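Trainee: Could you work out the structure for the sequence below:
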Amino acid sequence: RIRAVPGGTAAGKTIGILMILIDLAQRDERPTLTSVVSESFPHLKRGAMRDFLNIMKEQGYYRDERWNKTDFIYEFETGSKIEFFSADQADKVRGPRRDRLFINEANNIPGGFETFEQLEVRTREFIFMDWNPVSEFWYYTELKPARANEIDEITLTYKDNEALPESVRKSIEARKNRPNWWRVFGLGLLGEAE
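Mentor: This next block holds a predicted model:
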């Protein structure tokens, strides 16, 4: 039920998850609703929403009339929808139910574990979460210990990103001499206190 994707910088976590969600929405036999949630609306616009629109346009899927620019909802030909909203207000996370959920940069969502729980109990199918593991947070202290049998976790790094430009790879590897930075953003491992 819970698909956890911690990892380093430039690993393609968000883009990979969005591609899966787009594919599912395009193949749905009944209309579904997928929510993509992040810490704030500016973060969402610069991150997951921008990535979603870029994927849709680059693949030739995007239709302007299907993108609701007011409510930030894209409706696919199947009737399935992907919506974007921020978790910065409690009433947003206690809102309507959904089929699928993606919490982008889960470690940064306001309200932490309580916000996750409000979103999770309103999700029918499954939850994707991604983050850079800069430090321990509610996933490691509350969720994983209690529900490990419901979690599928994969750690990704820049080496998993087939589309990563050589210049970015070199830039990441130039920081190997900074132990905690390299541990988190290079290797995708849980950071240590600095």
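
Trainee: low-confidence ranges in this structure?
Mentor: 193-194 (pLDDT under 70).

Trainee: now the strands: where do they sit in it?
Mentor: For the chain, the strands defined by DSSP state E occupy 2-6, 33-38, 67-68, 73-75, 81-86, 98-103, 123-131, 151-153.

Trainee: would you list those strands in a markdown table and tack on mean neighbour count and distance to Asp23?
Mentor: For glycine as for every other residue, the C-beta is placed from the backbone atoms N, C-alpha and C. Converted to a markdown table, the strands of the chain look like this (neighbours: other CB atoms under 10 Å; distance: least, CB to CB, whole Å):
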| stretch | mean neighbour count | distance to Asp23 |
| --- | --- | --- |
| strand 2-6 | 21 | 14 |
| strand 33-38 | 24 | 11 |
| strand 67-68 | 14 | 18 |
| strand 73-75 | 18 | 14 |
| strand 81-86 | 20 | 11 |
| strand 98-103 | 23 | 12 |
| strand 123-131 | 19 | 13 |
| strand 151-153 | 13 | 18 |
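
Trainee: Now render those as CSV, adding distance to Gly111.
Mentor: Listed next are the strands of the chain as CSV, based on distance: least, CB to CB, whole Å:
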stretch, distance to Gly111
strand 2-6, 18
strand 33-38, 11
strand 67-68, 26
strand 73-75, 23
strand 81-86, 12
strand 98-103, 12
strand 123-131, 15
strand 151-153, 20
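
Trainee: Can you check which of the ones you listed gets nearest to Ile172?
Mentor: Ile172 lies closest to strand 2-6 among the strands of the chain, at 16.3 Å (CB to CB).

Trainee: and that closest one, what other elements does it pack with?
Mentor: Where contact means 3 or more CB pairs under 8 Å, 6 or more residues apart in numbering; DSSP states H and E, strand 2-6 is packed against helix 13-27, strand 123-131, strand 151-153.

Trainee: make it 7 Å
Mentor: Counting contacts by 3 or more CB pairs under 7 Å, 6 or more residues apart in numbering; DSSP states H and E, strand 2-6 packs against strand 123-131, strand 151-153.

Trainee: Among those, which comes closest to Glu192?
Mentor: Glu192 sits nearest to strand 123-131 of all those, at 16.0 Å, using CB to CB.

Trainee: State the next helix or strand along the chain beyond the closest one.
Mentor: Past strand 123-131, further along toward the C-terminus, the next helix or strand under DSSP states H and E is helix 138.

Trainee: what does that next one rub up against?
Mentor: Helix 138 is contacted from outside by Gly112, Phe113, Phe116, using CB atoms under 7 Å, 6 or more residues apart in numbering.
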